[in-house]
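[1] sequence and computational prediction follow.
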Amino acid sequence: MDSDSVKKDIMRQALQATNMSNARILIENINKTCFDCCVSKPGSSLPGGEQTCLTLCMDKYMKAWNEVNSAYIRRVQQELSNQTISNA
Amino acid sequence: MSSSTEFNIEQSDLDKLNEKDKAELRQFFSNEVQRARVHAQTHELTTICWKKCITSSVRSGALDKSEQTCLANCVDRFMDANLLTMKHIRDMRQQ
């Protein structure tokens, strides 16, 4: 391996690790939130209604995550540009 | 699953890195740290704001307009509260 391929391999492995851990946290949070939302009284099985609720909740949670993510990035960028103006 | 087992790079390969690629990697990792921070904060805020904004039972996989607005406001107000807290702490220390 030359320098370039070592570099690319490190980046690839790092991205994979970060994305894995991000996905793991997201799935954990979805499980906690949606179980709470959809399964109010755990019975002897998971009824169809609760299964549907869990699927919808999962879709909705991911959309909420994206919404929050862009709102947060927007705000951080705004704070940074305010800082630059006040420091100028 | 520990992060140390996910990374598999030999010291002999690391020694092959030239200065240009080392510099590029430093930049790459500093960006990645930044990205990871934004992700962590997003996870945190989604948990907080979901509780505030998704109040009715889940009947659709989409966000309606009011939920969407609420989530964006929730993030902004949380940041306002955060800044206010920091400002108050600063003022307290100056007294």
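    All right, it came through fine. Numbers count the residues shown, from 1 in each chain, chains lettered A, B, ... in the order given.
[2] residues contacting the residue in chain A that chain B sits nearest to?
    Going by Cβ to the nearest Cβ, chain B is nearest to residue A:59 of chain A, at 3.2 Å. In this view, the C-beta of every residue, glycine as well, is placed from N, C-alpha and C. For residue A:59, the contacting residues are B:61, B:62, by Cβ atoms under 8 Å, 6 or more residues apart in numbering or on different chains.
[3] which element is it on?
    Element membership for residue A:59 (DSSP states H and E) is helix A:48-87.
[4] next, the buried residues of that helix.
    For helix A:48-87, burial by neighbour count (16 or more other Cβ atoms under 10 Å in any protein chain shown) applies to A:50, A:53-54, A:56-58, A:60-61, A:63-65, A:67-69, A:71-72, A:75.
[5] and what of stretch B:65-79?
    B:67, B:68, B:70, B:71, B:72, B:74, B:75, B:78, B:79.
[6] quick one: contacts of that stretch?
    Looking at what lies outside stretch B:65-79 - Cβ under 8 Å, 6+ apart - the contacts are A:64, A:67-68, A:71-72, A:75, A:79, B:45, B:48-49, B:52-54, B:63.
[7] and the furthest pair within those?
    Using Cβ to Cβ, the two most remote members of the contacts of stretch B:65-79 are A:79 and B:54, lying 26.4 Å apart.
[8] residues of the host helix or strand of residue A:21 that come out buried?
    Per DSSP H and E, residue A:21 falls inside helix A:3-38. For helix A:3-38, the neighbour count (16+ other Cβ under 10 Å) marks A:3, A:6-7, A:10, A:14, A:17-18, A:21-22, A:26, A:29-30, A:33-34, A:37-38 as buried.
[9] these: which ones sit near chain B?
    The subset of the buried residues of helix A:3-38 within reach of chain B, by Cβ under 8 Å from any Cβ of the partner chain, is A:3, A:6-7, A:10, A:14, A:17-18, A:21-22, A:26, A:29, A:33-34, A:37-38.
[10] and which of the residues you listed is nearest residue B:30?
    Using Cβ to Cβ, those come closest to residue B:30 at residue A:14, 11.9 Å.
[11] so residue B:63: helix, strand or coil?
    Following DSSP: H, G, I helix; E, B strand; the rest coil, we place residue B:63 in the coil state.
[12] flag the shaky bits of the chain, pLDDT-wise.
    All of this refers to chain A. Scanning chain A for pLDDT under 70 picks out A:88.
[13] wait, chain B was what I had in mind.
    Applying pLDDT under 70 to chain B flags the ranges B:1-6.
[14] nearest spatial neighbour of whichever residue of it sits closest to chain A, chain-adjacent residues omitted?
    Of all residues in chain B, residue B:61 sits closest to chain A, at 3.2 Å by Cβ to the nearest Cβ. Using Cβ to Cβ, 6 or more residues apart in numbering or on different chains and skipping residues adjacent in sequence, the residue nearest residue B:61 is residue A:59, 3.2 Å away.
[15] sweet, I'm off.
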